[in-house]
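> Sharing a model prediction with you, sequence too.
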Amino acid sequence: MEVRKVFTSATRNVSSSALRERLSSFSSTIAATPLKPVANLRAQIEFVPAKIPRKRRLQTLAVAIWSTTIVWCIAVFLLLCSFPPLWPLLAAYMLWVYVDKSPEHGGRLSPWFRSMAFWRYFADYYPASFLKTCELPPDRPYVFGYHPHGIIGMGAICTFATESIGFSDAFPGIIPHLLTLASNFRMPFYRDIILAMGICSVSKQSCSNILKKGPGNAITIVVGGAAESLSAHPGTADLTLRKRLGFIKVAIQHGADLVPVFSFGENDIYKQMPNQKGTTLYTLQKKFQNVFGFTLPLFHGRGLLNYNLGLMPYRRRIVAVIGHPIHVVQCDKPTLEEIRHVQQQYIDELMWIWNTYKDEFARARKRELSIIE
């Protein structure tokens, strides 16, 4: 029994000595190399050099302004609300927002606004461009289907909502209208900006009103919508298309030619958190979409003064390839079989675009184009 006590005591003494030595060594190490969390964070962020050409700075500024347009439009409106003398004017404006039907009737397109130098800087940032594969005569209406949706659809804005890359020069006589959710037209001041760009509501009535105006009028629908934005990862082209029959039906009802557009690089301008099917994040995003009608991809890009931390898009080339038109026969009540037949022609043309230009514009792809839904 005595031996056991002596052994235990010795063990404790040795352990205490070893512990003191280790603590002493650890303390000296910390003293020699103090923790610098701010320095470590700064080392991971790639800041913009001090000397950058003025043109590139203007390009970045243009993208930063547009990326935050909704925020500063709402901020300006709330600021004006803080001045009681302006309340009657603001009340009249909000009443106008409520009764104005412009988003359903072709908007208030302003050629001057669409041609501003601001948009050229915006498009040159990526840079964005389009490739014309054939002529589109202005003797008929058109329905452009834009793929993929990406996080925001910057290529669609450059191509169809501005004259920054010369759509009207390439296709004279065609008046493009990019379509978006009706909820965007309830935001003060922001609605007036996008109406001047020719952007309209994506509702069925809006599509019909524009196409009824006759030859030369065109609508552009980002077909994949919110569901497809969840699949927007760099190097991929996962499209939501199989169940999207509404835009084809609208085209048949109005005798409008269908034109598929594939935008190479659209999915590369942002990075998104992993959200594959089956993950908790994906489930929450889908539930949010079912409740509110849109979704919130958890994405990131670059910042105004750095290259790898922020919510601005990366500088990645975007090339929208405008395919050959698919002529449809006008029919007020097309059958599901007729719609499916036209859809297959549409998909074949879209695949032709991908297979023809993927080696030129999608060299860094991780996999081939896939229609997942």
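Yep, that arrived.
> what bits of the protein have low per-residue confidence?
1-43 (pLDDT under 70).
> Strands along that one, start to end?
128-132, 142-147, 175-180, 200-201, 217-222, 238-239, 257-264, 271-272, 299-300, 318-322, 370-371 (DSSP state E).
> Now that we have the ones you listed, can you turn them into TSV and tack on distance to R54?
Using the backbone N, CA and C atoms, a C-beta is placed for each residue, glycine as well. Output for the strands of the chain, formatted as TSV (distance: least, C-beta to C-beta, whole Å):
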stretch	distance to R54
strand 128-132	20
strand 142-147	32
strand 175-180	30
strand 200-201	36
strand 217-222	33
strand 238-239	39
strand 257-264	29
strand 271-272	28
strand 299-300	27
strand 318-322	23
strand 370-371	42
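> Looking at these, spot the one closest to A75.
Among these, strand 175-180 comes nearest to A75, with 21.1 Å by C-beta to C-beta.
> what's the angle from the closest one to strand 217-222?
Compare the direction of strand 175-180 with that of strand 217-222 by axes from the mean of the first three to the mean of the last three C-alpha atoms, to 10 degrees and you get 30 degrees.
> Mind giving me the packing neighbours of strand 175-180?
strand 200-201, helix 204-211, strand 217-222 (3 or more C-beta pairs under 8 Å, 6 or more residues apart in numbering; DSSP states H and E).
> Now with 10 Å, please.
strand 142-147, helix 154-156, helix 167-170, strand 200-201, helix 204-211, strand 217-222 (3 or more C-beta pairs under 10 Å, 6 or more residues apart in numbering; DSSP states H and E).
> Distance to L58 and mean neighbour count added to the ones you listed, as JSON lines?
Converted to JSON lines, these look like this (distance: least, C-beta to C-beta, whole Å; neighbours: other C-beta atoms under 10 Å):
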{"stretch": "strand 142-147", "distance to L58": "27", "mean neighbour count": "26"}
{"stretch": "helix 154-156", "distance to L58": "17", "mean neighbour count": "27"}
{"stretch": "helix 167-170", "distance to L58": "22", "mean neighbour count": "14"}
{"stretch": "strand 200-201", "distance to L58": "29", "mean neighbour count": "26"}
{"stretch": "helix 204-211", "distance to L58": "34", "mean neighbour count": "19"}
{"stretch": "strand 217-222", "distance to L58": "27", "mean neighbour count": "25"}
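> For these, could you give me CSV that also reports distance to Q276?
As requested, the helices and strands packed on strand 175-180 are arranged in CSV below (distance: least, C-beta to C-beta, whole Å):
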stretch, distance to Q276
strand 142-147, 20
helix 154-156, 24
helix 167-170, 36
strand 200-201, 32
helix 204-211, 33
strand 217-222, 22
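> right, and those - which one's nearest I326?
Closest among the helices and strands packed on strand 175-180, using C-beta to C-beta: strand 142-147, at 9.5 Å.
> I'd like to know which elements that closest one is packed against.
Helices and strands touching strand 142-147, by 3+ C-beta pairs under 10 Å, 6+ apart, are helix 154-156, strand 175-180, helix 204-211, strand 217-222, helix 246-254, strand 257-264, strand 318-322, helix 336-361.
> can you do 7 Å?
If contacts are counted by 3 or more C-beta pairs under 7 Å, 6 or more residues apart in numbering; DSSP states H and E, strand 142-147 sits against strand 217-222, helix 246-254, strand 257-264.
> So which of the helices and strands packed on strand 175-180 is nearest R316?
Closest among those, using C-beta to C-beta: helix 154-156, at 9.7 Å.
> Give the other helices and strands that the closest one contacts.
Checking 3+ C-beta pairs under 7 Å, 6+ apart, helix 154-156 ends up next to strand 318-322.
> So for the strand it packs on, what gets flagged as buried?
Neighbour-count burial for strand 318-322 flags I318, V319, A320, V321, I322 (criterion: 16 or more other C-beta atoms under 10 Å).
> Same list, those, but as JSON lines with distance to T279 please.
Shown next, in JSON lines, are the buried residues of strand 318-322 (distance: C-beta to C-beta, whole Å):
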{"residue": "I318", "distance to T279": "28"}
{"residue": "V319", "distance to T279": "31"}
{"residue": "A320", "distance to T279": "31"}
{"residue": "V321", "distance to T279": "32"}
{"residue": "I322", "distance to T279": "35"}
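> what about I70, neighbour count?
14 (other C-beta atoms under 10 Å).
> The residue found closest to it once you drop the neighbours it is linked to in the chain and S168, how far apart?
The spatially closest residue to I70, leaving aside those adjacent along the chain, is Y190, at 5.4 Å (C-beta to C-beta, 6 or more residues apart in numbering). With distances taken as C-beta to C-beta, to the nearest Å, Y190 is found 24 Å from S168.
> Could you do S82 as well?
In this structure, S82 and S168 are 41 Å apart, going by C-beta to C-beta.
> ditto for P53
In terms of C-beta to C-beta, P53 sits 29 Å off from S168.
> With I70 instead?
Applying C-beta to C-beta to I70 and S168 gives a distance of 27 Å.
> ranges for the helices of the stretch 1-150 of the chain?
Assigned by DSSP state H, counting those that start in this stretch, the stretch 1-150 of the chain shows helices spanning 2-32, 37-44, 54-67, 69-81, 87-99, 111-114, 117-124.
> Closest to the mean position in this protein, which residue would that be?
Nearest to the mean C-alpha position of the chain, counting by C-alpha atoms, centre = their mean, stands I152 at 1.3 Å.
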